[in-house]
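Participant: Generate a structure from the sequence data that follows.
(chains A and B)
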There are 2 protein chains.
Amino acid sequence: MAKNMIIGQSGGPTAVINSSLAGAIDYAFKQDEIGTVYGMINGIEGLLEGNLLNLNDKFENKPYELNRMKLTPAMYLGSCRYKLKGDEEEYKKIIDALEEKNIGYFFYIGGNDSMDTVSQLSKYTKKNGIDIKVVGIPKTIDNDLAGIDHSPGFGSAAKYIASAVRAVAYDTSIYNVKSVHIIEAMGRNAGWLAASSVLARHGDTIAPHLIYLPEIPFSVDKFISDVEKKLEEYNSVIAVVSEGLKDENGNYICAQGNTTDKFGHVMLSGTGAYLKTVVEERIGCKVRALEPSVLQRSAGHITSLTDIDEAYNLGIIAVKAALNGESGVFSTLKRTSNLPYCVEYGTEDVDVVANQEKTVPVEWISKDGNDVTQEMIDYLNPLIKGIAQTPYRNGMPDYIDISHLDIKKQKYKE
Amino acid sequence: MAKNMIIGQSGGPTAVINSSLAGAIDYAFKQDEIGTVYGMINGIEGLLEGNLLNLNDKFENKPYELNRMKLTPAMYLGSCRYKLKGDEEEYKKIIDALEEKNIGYFFYIGGNDSMDTVSQLSKYTKKNGIDIKVVGIPKTIDNDLAGIDHSPGFGSAAKYIASAVRAVAYDTSIYNVKSVHIIEAMGRNAGWLAASSVLARHGDTIAPHLIYLPEIPFSVDKFISDVEKKLEEYNSVIAVVSEGLKDENGNYICAQGNTTDKFGHVMLSGTGAYLKTVVEERIGCKVRALEPSVLQRSAGHITSLTDIDEAYNLGIIAVKAALNGESGVFSTLKRTSNLPYCVEYGTEDVDVVANQEKTVPVEWISKDGNDVTQEMIDYLNPLIKGIAQTPYRNGMPDYIDISHLDIKKQKYKE
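Facilitator: You can find the predicted model right below:
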């Protein structure tokens, strides 16, 4: 007899998480073994509060709406940063909520922390003989997930960063004066996003001139000396810095980097702004710091079609795996060839990815510590390819309605 | 006998100045009265230094290259902020340089200050019976030019701002916590760009919740009270502020706004960053300030096709006018109908635009001073329409080579 399915999203947004959601539900709608498809509003929190959305009503036999949702950035179902306490009472609440809706298949789209939720929940169901398959679908712009060649969401953010750097390079080329632009990329403790700025180089445009990743200790003195050297050669110098740069003692370069979220992660911002003040003081030329901030993860108008497609396929693979009896796994992909670019889909034990951080191999960073190597460029190149046909209306990207996330009843400072 | 033509670009970049350049030279190539078409590298400075580019060599009978240049943001010919001193010696130098190249037609693409250059030079040639027609082609993202319905460059920047606000609205919708996002738009003393964020609203998405323009005095207390009221209604509040906001005494809200450029303009930045600290102190919820900065004027991947086309046409109109014997004018457009959107091209005395600033009519600002009216929306709507088919290569916008601007010989601190 058919069991129902539930799916949720968790962690930070990317431009392609909804593509994974679209892939999973589109495939599920066609499977006899799956009855109703529910969405959890704001992840596990929505499940515990009974805040669910019937996704058959929203998207079954509505291909245009499904496509709009697929190409809408951020999270159609909303997010949470809920960390399982891991006590029996909480597990029981979750299982009760799932059994009440006759759920046989549970999917969670997220990063390292969300995969920890998948790991814990799948162990609990196995141990207690509960027939609910629990499967993860990976995402993160940071590309720091283990067990997968690259994370869905990363390619689009990489394309955004590279395009932004190229735009700044053109913008700043027009003046015949010395200037420095410092562009801060996200990525926490992994330098993948900062590294992707290298794809801005083309033809005569060699910006970014300098790239700094958090995988090796950052020296402000060395940075200033690097910038001075480049200024001898070029009018306009563009440096890309990772938000997570640390000095040789392991302290974040950004002084403001001292608040922490629920998972104990340090919340970073301001590395570029800080280095701007240093360049002003020590070099004294025109200097600007740019922080694309959340735009790099939410710009639905400059996504990678490769990324959109892979995210979609990873949604399908997860549903297939659950129907196949797998649990405690996540859907993943391996790169089998770079030229032509080919990948192979499959699943992997979720403990491979949960709470891990995949950082940039130091061999992919130049010896000087201010650039990346050809291996990195070869790795990155295929991930940003293709243009998604985002629907436009009135000159603007026409994203899907998300009024179900609008919790107007909630009062400020509650 | 055919005379030669020269064209230059001046002031700050936009995403469509090169489209005006493309229109002007593409039309000029086909005219028997025009011989060689020269480009001034870095505007008047390039003319005085003999730094010219033969544009026939670069683009004549090269439609693919011309199209790439047309869709490349910033300025193919580079810019300057050179202000004419207005003395006889300087005029003589300019005229000598023009006559040396047998120039009969002089075009300058720029904003208010560049139009002042056109005005002065055309008066000098008239007074002295010199047969050189001097014509301006308008541009600015700020939309503050008089004598034209809207400025080329504005529509694309407006589309960028609206798309960014919509992306942030989706990004921030996913969390079930109170937050404030402050997005700072460019525009100097005119609120057009901040106002254009209103186009982000669609369907259920009502962000931006608050919009502040510099045309009316800004009160920090009123701002905080506005934000608090919106936070009672919505989880996530998005406020768009113009960089040029001033208090009732005419002082810029941003404390850093106290450096000036050569034209005496105050260089602004940091209004959003300042207001972020005020929200943190007085309200205490999660708050982020976003400053898209130069990306709003240089993002070639999210331009308005309407803007691109109009910029191109204004290039043609300017060349036509010069061939018609006009001088001391600029090419302009009037809106003859809003639905359907229609414009009429023509020319106007350059003194109408030189050194003027067209600000937002106060009737187009809501009574509360924190939003815009339907008249503003109707005015803005047609300007962002259409998607330009920017060429892509390797997943990235494939802009034209600009190595002629790369002045590697110049040393730092010279």
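Participant: Any idea how many residues pack against residue A:324?
Facilitator: Here the number of neighbours of residue A:324 (other C-beta atoms under 10 Å in any protein chain shown) works out to 12. (C-beta placed from N, C-alpha, C; glycine too.)
Participant: next one: residue A:64
Facilitator: For residue A:64, the neighbour count with other C-beta under 10 Å is 8.
Participant: if I look at it, how far off is chain B?
Facilitator: Remark: distance between residue A:64 and chain B (C-beta to the nearest C-beta, to the nearest Å) = 14 Å.
Participant: so what secondary structure elements neighbour the helix or strand harbouring that residue?
Facilitator: Assigned by DSSP states H and E, residue A:64 belongs to helix A:63-70. Helix A:63-70 makes packing contacts with helix A:17-29, helix A:55-59 when contacts are defined by 3 or more C-beta pairs under 8 Å, 6 or more residues apart in numbering or on different chains; DSSP states H and E.
Participant: can you give me the offset of the longest one from its chain's centre?
Facilitator: Taking the mean C-alpha point of helix A:17-29 and that of its whole chain, the gap between them comes to 17 Å (C-alpha atoms, centre = their mean, to the nearest Å).
Participant: mean confidence for the helix or strand just after it?
Facilitator: As assigned by DSSP H and E, the chain's next helix or strand after helix A:17-29 is strand A:34-40. Taken as a whole, strand A:34-40 carries a mean pLDDT of 98.
Participant: Strand partners (parallel or antiparallel) of strand A:34-40?
Facilitator: strand A:3-9 (parallel), strand A:52-54 (antiparallel) (DSSP bridges).
Participant: follow-up on the earlier one: which of the helices and strands packed on helix A:63-70 is buried the deepest?
Facilitator: Most buried of the helices and strands packed on helix A:63-70 by mean neighbour count (mean count of other C-beta atoms under 10 Å in any protein chain shown) is helix A:17-29; its value is a mean of 27.
Participant: State whether residue A:286 and residue A:176 are indeed in contact, as I suppose.
Facilitator: No: under the criterion of C-beta atoms under 8 Å, residue A:286 makes no contact with residue A:176, lying 11.8 Å away.
Participant: Name the nearest residue to the most far-flung residue of chain A relative to its centre, ignoring sequence neighbours.
Facilitator: In terms of distance from the mean C-alpha position of chain A, residue A:176 ranks first, at 37.9 Å (C-alpha atoms, centre = their mean). Nearest non-adjacent residue to residue A:176, counting by C-beta to C-beta, 6 or more residues apart in numbering or on different chains: residue B:42, 5.1 Å away.
Participant: Next, find the distance separating that neighbour from residue A:343.
Facilitator: Separation of residue B:42 from residue A:343 (C-beta to C-beta, to the nearest Å) stands at 47 Å.
Participant: residues in contact with the nearest residue to residue A:328 once chain neighbours are set aside?
Facilitator: Leaving out its chain neighbours, the residue that sits closest to residue A:328 by C-beta to C-beta, 6+ apart is residue A:122, at 3.4 Å. Residues counted as contacts of residue A:122 (C-beta atoms under 8 Å, 6 or more residues apart in numbering or on different chains) are A:133-134, A:327-328, A:350.
Participant: Helix or strand for residue A:122, just tell me which one.
Facilitator: Assigned by DSSP H and E, residue A:122 belongs to helix A:112-127.
Participant: which parts of that helix are buried?
Facilitator: For helix A:112-127, the neighbour count (16 or more other C-beta atoms under 10 Å in any protein chain shown) marks A:112-125 as buried.
Participant: got the angle for it vs strand A:3-9?
Facilitator: 160 degrees (axes from the mean of the first three to the mean of the last three C-alpha atoms, to 10 degrees).
Participant: what is the mean pLDDT for helix A:112-127?
Facilitator: On average, helix A:112-127 scores 95.
Participant: does residue A:356 sit in a helix, a strand or a coil?
Facilitator: Under DSSP: H, G, I helix; E, B strand; the rest coil, the three-state class of residue A:356 is coil.
Participant: Now do it against residue B:273, distance only.
Facilitator: For residue A:356, the distance to residue B:273 equals 35 Å [C-beta to C-beta].
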